[in-house]
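> build me a model from this:
(chains A and B)
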Amino acid sequence: MIRMTDLHVTFNRGTAMETKALRGVTLNIKKGDFVCVIGGNGAGKSTLLNALCGDIIPEQGKVSIDDQDVTSFASWQRAPYVARVFQDPMAGTCANLTIEENMALAMKRGEKRNLRFALNKENREKFHHQLSRLRLGLENRLKDPIGMLSGGQRQAVSLIMAVLRPMKIIALDEHTAALDPKTAAFILELTREIVEENHLTALMVTHSMHQALELGNRTLMLHEGRIVFDVKDKARKSLTVADLLELFHKASGLELDDDSLLLS
Amino acid sequence: MGALEIGLPYGLVAMGVLLSFRILDFPDLTVDGSFPLGAAVCAILIVSGVDPWLATGCAILAGMAAGFTTAWISVRWNILHLLASILTMTALYSINLRIMGRPNVSLLGEKTIFTPLEKLSFPHLYTMPIAMFIVTGIILALLYRFLSSEKGLAMRATGSNLRMAKAQGISVNHQILFGISLSNGLVALAGALFAQSQGFADVTLGTGTIIVGLAAVIVGEAIFNPKIILAALIACVLGSFFYRLVVAMALNASFLGLQASDLNLVTAILVGFAMITPKLRAKILDFKATRSRA
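I've put the predicted structure just below:
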């Protein structure tokens, strides 16, 4: 169970640029929940995800993972519990390390690293096996620097890397936004498969209302740093994008005018 | 052979600079101070009668402390790495003078770690370069072993992608503190070996150490274009030999009319050339590609 309680985050406090990114967000994520977070630019959805991952420490509020208070933990200290896939395909992997080296790094996410060789026959075989499911031929390129791969290939490897170790939650930060539509669909399908077969708990931030209904079992929308609606399971099943807009209108009394949100 | 003998400690400098500049992406000028620091600590201890091996060990520790200082200033107080290293480097000049008590310490007639080699029936001209070569080889092997371990991989990830490293649970600050300490430990070892092989330590010894190390790394990369970590280590060591060789040839070629004081000019031109080469190579490949398509 992940509990985020009354989170407040302000950027550039005390300056003319002051922005309240989160204004009291409370979100409990049950084990096995797959939560899609949607919202326009500046709604606070990335801030929420970063607060979960420890990139941002909220000035008020509490984050706990399985009853352990992790509010003051830096991102590297939360790594045993949180696996991440970033929006930017370059961000989730080390370009000048090889595919197998990147995977070896992820094999030890949040664990003590020692002086043993990072790569051995056993984990190479494991990586080969894991990559072959992608059908991208990457299993034969283990010794290539990962920087030689396309953005989509890198995101696919990032997803595989995320599940090499157990976790409490996987945080997906608009991880298909930088990809072309065909590749994005492939990565989305892969995400669904991986989350399902590993029974993961997930928090996915997305720009696309369509995606937010298609994946997972729970959709919530942020607007100006607050949750405007939160629908799950049965109530969500029959919803369409039009219903989401209606929900938004009812909850906030506003018409949605963020084009990027409507078009995608 | 003389160029090789003086050049060999700089193979260690090259590996130290590779560690800071390339692997940790932390441009560190501390080495200009930690090279003479290593020489000073080692020389003064030997002169006071300490065992040369112990003196060399102390030199390494002193270098590591210098590196740690730079990394700590940068990481703890969020000071730009370059500035932090300039601070330490500046302080080290005075500290080195304090350690030696005078600008120059001679080791002539003192027992050094190379003294037992003089008893060998082998021609002395060759023993020193061979001994240095072996030392460089051992350090290279150890460094390679470390960098391919789980810990070493964490260090390389820190320099390559800070955000990813953190997301993988790596404490990047610890990596930088340890890596920069290690880098300067290597450079101080080079200084200690230099002092013992050349028979003196001088406070001005360090001037330009960073540019020599950088030259080795960049020349090595320009020639060998290394893709894996072992190749990068070997390339920077060979780069340091190549750099020495080119400089020696340039200064000795009478038709160029260069003199010893032109060393820095030659170095700058060589490093500049090595930095431009990969870009030039890419441009030529681009040009060929567009022409073949037309």
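> so what's B:Asn173 up against?
Going by Cβ atoms under 8 Å, 6 or more residues apart in numbering or on different chains, B:Asn173 touches B:75-76. Any C-beta I mention is one placed from the backbone N, CA and C, and that applies to glycine too.
> can you do 7 Å?
By Cβ atoms under 7 Å, 6 or more residues apart in numbering or on different chains, the contact list for B:Asn173 reads B:Val75.
> let me know the secondary structure of the residue nearest the centre of chain A.
Chain A has A:Leu172 as the residue nearest its centroid, 1.3 Å off, counting by Cα atoms, centre = their mean. Using DSSP: H, G, I helix; E, B strand; the rest coil, the structure places A:Leu172 in strand.
> how about the residue lying closest to it once chain neighbours are set aside, what does it touch?
Nearest residue to A:Leu172, sequence neighbours excluded (Cβ to Cβ, 6 or more residues apart in numbering or on different chains): A:Met204, at 4.1 Å. A:Met204 sits next to A:35-37, A:172, A:215-216 when contact means Cβ under 7 Å, 6+ apart.
> a strand runs through A:Met204, doesn't it?
Yes: under three-state DSSP, A:Met204 falls within a strand.
> so what pairs up with it in the strands?
A:Cys36, A:Leu172 (DSSP bridges).
> that older thread, identify the farthest-apart pair in the contacts of A:Met204.
Pairwise distances across the contacts of A:Met204 peak at 11.4 Å for A:Val37 and A:Leu215 (criterion: Cβ to Cβ).
> pull the longest helix from the chain.
Here I'm looking at chain A. helix A:181-197 (DSSP state H).
> wrong one, chain B
For chain B, the longest helix by residue count, based on DSSP H, is helix B:263-293.
> elements contacting that one?
helix B:209-224, helix B:229-252 (3 or more Cβ pairs under 7 Å, 6 or more residues apart in numbering or on different chains; DSSP states H and E).
> most tightly packed of these?
helix B:209-224 (a mean of 24; mean count of other Cβ atoms under 10 Å in any protein chain shown).
> other residues contacting it?
The contact list for helix B:209-224, computed with Cβ under 7 Å, 6+ apart, reads B:10, B:13-14, B:16-18, B:21-22, B:29, B:31-32, B:35, B:187, B:231, B:235-236, B:238-240, B:242-243, B:267, B:270-271, B:274-275, B:277-278.
> quick check: residues of the stretch 1-150 of chain A near chain B?
Counting by Cβ under 7 Å from any Cβ of the partner chain, the residues of the stretch 1-150 of chain A close to chain B are A:75-76, A:79-80, A:84, A:91-97, A:101, A:104-106, A:108-111, A:113-118, A:145.
> now the helices for the chain?
Answering for chain A, as no chain was given. For chain A, the helices defined by DSSP H cover A:45-53, A:75-78, A:99-107, A:121-132, A:151-162, A:181-197, A:209-214, A:233-237, A:241-252, A:259-263.
> my question was about chain B, not that one.
Ranges of helices within chain B are B:2-17, B:31-47, B:52-76, B:81-100, B:115-118, B:124-147, B:150-160, B:162-167, B:172-198, B:209-224, B:229-252, B:263-293, based on DSSP H.
> and the ones you listed as CSV, adding mean pLDDT?
Listed next are the helices of chain B as CSV, based on pLDDT from 0 to 100:
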stretch, mean pLDDT
helix B:2-17, 81
helix B:31-47, 96
helix B:52-76, 97
helix B:81-100, 96
helix B:115-118, 83
helix B:124-147, 89
helix B:150-160, 96
helix B:162-167, 95
helix B:172-198, 96
helix B:209-224, 89
helix B:229-252, 88
helix B:263-293, 82
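> quick check: which of those is buried the most?
Among these, helix B:31-47 has the highest mean neighbour count (mean count of other Cβ under 10 Å), at a mean of 29.
> which other helices and strands does that one contact?
Applying 3+ Cβ pairs under 7 Å, 6+ apart, one finds that helix B:31-47 contacts helix B:2-17, helix B:52-76, helix B:81-100, strand B:104-106, helix B:172-198, strand B:200-202, helix B:209-224.
> pull out the C-alpha coordinates of that helix and format them as PDB.
What follows is helix B:31-47, C-alpha atoms only, in PDB (Å, rounded to 0.1, in the frame of the first residue of the first chain):
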ATOM      1  CA  VAL B  31      46.000  16.600 -10.100                       C
ATOM      2  CA  ASP B  32      48.300  19.600 -10.600                       C
ATOM      3  CA  GLY B  33      48.600  19.700  -6.900                       C
ATOM      4  CA  SER B  34      48.400  16.000  -6.100                       C
ATOM      5  CA  PHE B  35      51.200  15.000  -8.400                       C
ATOM      6  CA  PRO B  36      53.800  17.100  -6.600                       C
ATOM      7  CA  LEU B  37      52.100  16.200  -3.300                       C
ATOM      8  CA  GLY B  38      52.800  12.500  -3.900                       C
ATOM      9  CA  ALA B  39      56.400  13.400  -4.800                       C
ATOM     10  CA  ALA B  40      56.800  15.600  -1.800                       C
ATOM     11  CA  VAL B  41      55.400  13.200   0.800                       C
ATOM     12  CA  CYS B  42      57.300  10.300  -0.600                       C
ATOM     13  CA  ALA B  43      60.600  12.300  -0.900                       C
ATOM     14  CA  ILE B  44      60.500  13.800   2.600                       C
ATOM     15  CA  LEU B  45      59.600  10.500   4.200                       C
ATOM     16  CA  ILE B  46      62.400   8.700   2.400                       C
ATOM     17  CA  VAL B  47      64.900  11.400   3.400                       C
END
